[in-house]
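Undergrad: Okay, predicted coordinates and the sequence, questions at the end:
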Amino acid sequence: MAGRLTTDKIIVHCTATPGGREVSVQEIERWHRKAGYNGIGYHYVVHLDGKVEAGRDERQIGAHTVGQNHCSVGICYVGGCDANMKPKDTRTEAQKAALLKLLKELKQRYPTAKIYGHRDFARKACPSFDAKNEYKNL
Ligand SMILES: [Zn+2]
């Protein structure tokens, strides 16, 4: 896998699974391999309890946002849908805190990177909240 030359974006995603249902990194890895990716597409996964797990090596090019993978880090929280699979911000308090901490750390490593949601680059609801606005002052 090739490394990135630049990192000017940090892009937030959700697993698009019902709120309250945990999803493992292994499960996401299986979905992404089935979709034809060479492993999990995200660099980090934020679980319901706020635990952050690494996915793909942070230095490698991810597979999460068409057209932006070569210049971005992709992070994903578990959830993002209601019981009827409609988009919903299902982040737990622990996930909100963990996301904030992770984003601050990434901003330290990539000071010029701006934070976005997947929906800023695609006709999707992902990550079911306005990440660009929520994290604009980080
Ligand atoms: Zn997404």
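TA: Yep, it's here.

Undergrad: Quick one: residues in contact with stretch 117-130.
TA: Stretch 117-130 has contacts (CB atoms under 8 Å, 6 or more residues apart in numbering) with 11-14, 16, 64-68, 76-77, 79-81, 87-91, 131-132. C-betas here are computed from N, CA, C, even on glycine.

Undergrad: and the end-to-end length of it?
TA: By CA to CA, to the nearest Å, the extent of stretch 117-130 from end to end equals 7 Å.

Undergrad: Relative to the whole chain's centre, how far out is that stretch?
TA: Its chain's C-alpha centre lies 11 Å from the corresponding centre of stretch 117-130 when counted by CA atoms, centre = their mean, to the nearest Å.

Undergrad: Going by neighbour count, which of the contacts of stretch 117-130 are buried?
TA: 11-14, 16, 64-65, 68, 76-77, 79-81, 87-91, 131 (16 or more other CB atoms under 10 Å).

Undergrad: Of these, which are in range of the ion?
TA: His13 (CB under 5 Å from the ion).

Undergrad: Tell me which of the buried ones among the contacts of stretch 117-130 fall in helices.
TA: Residues of the buried ones among the contacts of stretch 117-130 located in helices (DSSP state H): Ala131.
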